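**Student:** I'll drop the sequence and a predicted model, then ask my questions.
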Amino acid sequence: MSTVWHLYLLECRTGNGTSLYAGITTDLDRRYAEHTAGTGARYTRAHPPIRLLASRVYPDRSSDSKAEAALKKLARTRKLAFFSP
């Protein structure tokens, strides 16, 4: 059985509004729980997540990592559209 990878986008709280955080994982529920508990990425420890905005499944880590890199290059206004079919 192959492992499924998830690319996800979080809305995070900042001092003056919100920001977006993108990441990859094999277990979306566990990773989101880590972020909300303050044990996830350094960025989400400083900027706690408000909600999960979107996610997409990929068949392997390579394609997921490439999609994450492409997502991170987009302007904020286009990141959510990245997840549309």
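**Tutor:** Thanks, I have the structure now. Quantities reported herein were computed from a predicted structural model and do not represent experimental measurements.

**Student:** residue 70: neighbour count?
**Tutor:** 11 (other CB atoms under 10 Å). In short, each C-beta sits where N, CA and C put it, glycine included.

**Student:** how near is it to residue 37?
**Tutor:** 29 Å (CB to CB, to the nearest Å).

**Student:** residue 54 now?
**Tutor:** Distance, residue 54 to residue 37, using CB to CB: 21 Å.

**Student:** isn't residue 82 up against residue 73?
**Tutor:** No: with contact defined as CB atoms under 8 Å, residue 82 and residue 73 do not form a contacting pair (10.2 Å).

**Student:** from the middle of its chain, how far away would the particular helix or strand that has residue 21 in it be?
**Tutor:** Here residue 21 sits within strand 17-25, counting by DSSP states H and E. Its chain's C-alpha centre and that of strand 17-25 lie 5 Å apart, by CA atoms, centre = their mean, to the nearest Å.

**Student:** ok so, going back, residue 82 and residue 73 - which one has more neighbours?
**Tutor:** Remark: of residue 82 and residue 73, residue 82 carries more neighbours, 15 against 9, as counted by other CB under 10 Å.

**Student:** about what we covered before: other SSEs contacting the strand holding residue 21?
**Tutor:** Under the contact definition 3 or more CB pairs under 8 Å, 6 or more residues apart in numbering; DSSP states H and E, strand 17-25 sits against strand 5-14, helix 28-37, strand 49-58, helix 61-73, helix 76-79.

**Student:** number of nearby residues for residue 66?
**Tutor:** Neighbours of residue 66 (other CB under 10 Å): 12.

**Student:** show me the contacts for it.
**Tutor:** Residue 66 makes no contacts at all, as judged by CB atoms under 8 Å, 6 or more residues apart in numbering.

**Student:** for it, give me the pLDDT.
**Tutor:** Note for residue 66: predicted pLDDT of 98.

**Student:** the one 4 residues further on too?
**Tutor:** Listed pLDDT for residue 70 reads 97.

**Student:** next, the distance between the ends of stretch 75-85.
**Tutor:** One end of stretch 75-85 sits 18 Å from the other (CA to CA, to the nearest Å).
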